[in-house]
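K.L.:
Just a sequence and a predicted model for now, questions to come.
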Amino acid sequence: MDTRLTSEHHQLREAAARLADDFGPGSVQDLDDESRRARLAKTVDSTGWRSLRSDGASGVEVALVAEEFARGLVDVPFLGPVLADDLYRVLGMDPLPASIAIGNVVIDADGAGAALRLAGTTVQTLGVGEARDAADLTRVTAAVAGTAGTLGELTEEQAKRWYALALTVTTADLVGASRGTHTLATEYAKVREQYGSAIGSYQAVAHLLAEGLALIEGSVSVLRHAAWAVDELPPDEAVEAARVAKIYCARAALAVCEMSIQVHGGIGNTWECLAHVYLRRVLAATEAWPVKLEELTIGLS
């Protein structure tokens, strides 16, 4: 097993990071900037990254883009379309603009003409209803509409591998949001002063940031293994690796988000601070295909 990133992986990651930094929101107010979102959507469209899987990309490559997009709070559809693209790929169909439904909720519903849902081994197609309020401020969420139709059937192995990819991509979302909110807290600790010194110079704050970084490093490691496992391990083992990663990274991401809010002090509890936007994204990603400890066949303390 070699989960180290190749030079091509690094190039893809750097390209995704540049896109997120150039067009992602720099403040809570930017989330309402429709001209910025239009430029961001156009740029993401031009990359072709929403069809990574049908273009032959690995689970590692999809996870790298998802991680950087979460770090930069990219607020146009990616996760839903890339998972829908993978279902079209497995079915041998030309991909259409679509997102994914989890239960009766369509994620990344902005601009989606339809939603796909995996029920057992059956790929269903559904309409997309009206947008609705959701915790994640960086994604448009909608209810499903109409009666489910059958698009095709997967084998049990194909269904499990797709599920492993879905868990891994949402785990990448968790890790990216962790990195983003940790950077936010670190930069704030460098400039916020108390008693004549930057708060980051005090051990109480420095230790919080160090603990957050340790959690992120552990999360990156377990995510890389899960992303590699999507294509390289048998389906049952790939699902197991993804479940372990999802549980570990969800716990770690929540802890890092809480740390970020704490480092920000009073301002961390205000609407104007981006810390709560990261927290909301983490909470939503955790509930997308949630995993319980009881589902694991190995021990995890």
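P.N.:
It's in.
K.L.:
Check the spacing between residue 206 and residue 19 real quick.
P.N.:
32 Å (CB to CB, to the nearest Å). Backbone N, C-alpha and C define where each C-beta goes, glycine included.
K.L.:
did I read that right, residue 89 in a helix?
P.N.:
Yes. Under DSSP: H, G, I helix; E, B strand; the rest coil, residue 89 falls within a helix.
K.L.:
For residue 206 and residue 19, work out which one has more neighbours and name it.
P.N.:
residue 19 (21 against 15; other CB atoms under 10 Å).
K.L.:
just checking, that one touches residue 45?
P.N.:
No. Using CB atoms under 8 Å, residue 19 is not in contact with residue 45, being 11.4 Å away.
K.L.:
from what I can see residue 84 touches residue 93, true?
P.N.:
No. Assessed by CB under 8 Å, residue 84 is found out of contact with residue 93, at 10.8 Å.
K.L.:
who's more crowded, those two?
P.N.:
residue 84 (29 against 13).
K.L.:
Show the contacting residues for that one.
P.N.:
By CB atoms under 8 Å, 6 or more residues apart in numbering, the contact set of residue 84 is 95, 98, 99, 100, 115, 116.
K.L.:
taking the residues you listed one by one, which sit in strands?
P.N.:
Among the contacts of residue 84, the residues falling in strands (DSSP state E) are 99, 100, 115, 116.
K.L.:
Filter those residues down to the buried ones, PyMOL style.
P.N.:
Only the buried entries of the ones in strands among the contacts of residue 84 go into this PyMOL selection, using 16 or more other CB atoms under 10 Å:
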select buried, resi 99+100+115+116
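K.L.:
could the ones in strands among the contacts of residue 84 go into a markdown table alongside distance to residue 168?
P.N.:
Below are the ones in strands among the contacts of residue 84 laid out as a markdown table (distance: CB to CB, whole Å):
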| residue | distance to residue 168 |
| --- | --- |
| 99 | 18 |
| 100 | 14 |
| 115 | 20 |
| 116 | 18 |
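K.L.:
Closest to residue 191 out of the ones in strands among the contacts of residue 84?
P.N.:
Nearest to residue 191 among these: residue 99, at 39.0 Å, using CB to CB.
K.L.:
partner residues bridging the closest one?
P.N.:
residue 115 (DSSP bridges).
K.L.:
Return the distance of it relative to residue 7.
P.N.:
Residue 99 sits 32 Å away from residue 7, going by CB to CB.
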